[in-house]
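K.L.:
Just need the structure, nothing else, for what follows:
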Amino acid sequence: GLGLFAKAAIAAGALVAELTGEVLPEHAYAQREVAAAAAAARSGVRYSSYGLKLAGGEVVDARHKGGVARFVNHACAPSCVARMVLLGGERRVGVFARRRLQAGDEVTVYYRHIAALAYPMGCCCGARGCVTRLAPTLSLP
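P.N.:
Residues are numbered from 1 along each chain as shown. Here you go, the predicted model:
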């Protein structure tokens, strides 16, 4: 809900931010999400998911140990794309500009295939062909 916005112009194809966080097995992340959703419901705070699926059944959990990339919102016509890259033999996830971004443009990605969602998520981006709702991608414990 907070969003991430470009402070300056960013060239198409440029690295905007690295998604950092704790790498967990998918089942452990799913357990955390159930607990986080319950805690949010008890306190009346809006629940947000901060997980990105990796190959091999792992998830990057950016909730507590993540950088600014954890605030990148979903959009059906995103300004950026998240890609896994190998750097020194280590898997890392970068958010790269799909087009030139101007200062003030929101940095968005399409969550459907990459987000580790424990619960359905609505979309109100308003783009032509908006999916309006993203289905959960995790099997809950």
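
K.L.:
Show me what the helix or strand of the chain with the lowest mean pLDDT is packed against.
P.N.:
Among the helices and strands of the chain, strand 121-122 carries the lowest confidence by mean pLDDT, DSSP states H and E, at a mean of 86. When contacts are defined as 3 or more Cβ pairs under 8 Å, 6 or more residues apart in numbering; DSSP states H and E, strand 121-122 packs onto strand 133-134. Just so you know, the C-beta spots here come from the backbone N, C-alpha and C atoms, and that holds for glycine as well.

K.L.:
Starting from the strand it packs on, tell me which strands it pairs with and how they run.
P.N.:
strand 121-122 (antiparallel) (DSSP bridges).

K.L.:
Any chance you could list what contacts the strand it pairs with?
P.N.:
Residues from elsewhere that reach strand 121-122 (Cβ atoms under 8 Å, 6 or more residues apart in numbering): 49, 74, 111, 115, 132-134.

K.L.:
which one is T20 nearest to, not counting chain neighbours?
P.N.:
In space, and not counting its chain neighbours, T20 is closest to G67: 4.7 Å by Cβ to Cβ, 6 or more residues apart in numbering.

K.L.:
surely the one you found meets V16?
P.N.:
No: judged on Cβ atoms under 8 Å, G67 makes no contact with V16 at a distance of 11.5 Å.

K.L.:
between the two, who's got more neighbours?
P.N.:
Neighbour count, other Cβ atoms under 10 Å: between G67 and V16, V16 has more, with 22 against 12.

K.L.:
Might you report the residue contacts of that one?
P.N.:
V16 neighbours (Cβ under 8 Å, 6+ apart): 6, 10, 69, 80, 94-97, 101, 107.

K.L.:
Looking at these, which is nearest R32?
P.N.:
Checking the contacts of V16 against R32 with Cβ to Cβ, the nearest one is A69 at 18.5 Å.

K.L.:
hey, where'd the helices end up in the chain?
P.N.:
Secondary structure of the chain, counting by DSSP state H: helices at 26-43.

K.L.:
Got phi/psi on the residue nearest to T20?
P.N.:
Dihedral pair for G67: phi -100, psi -160, per degrees, to the nearest 10.
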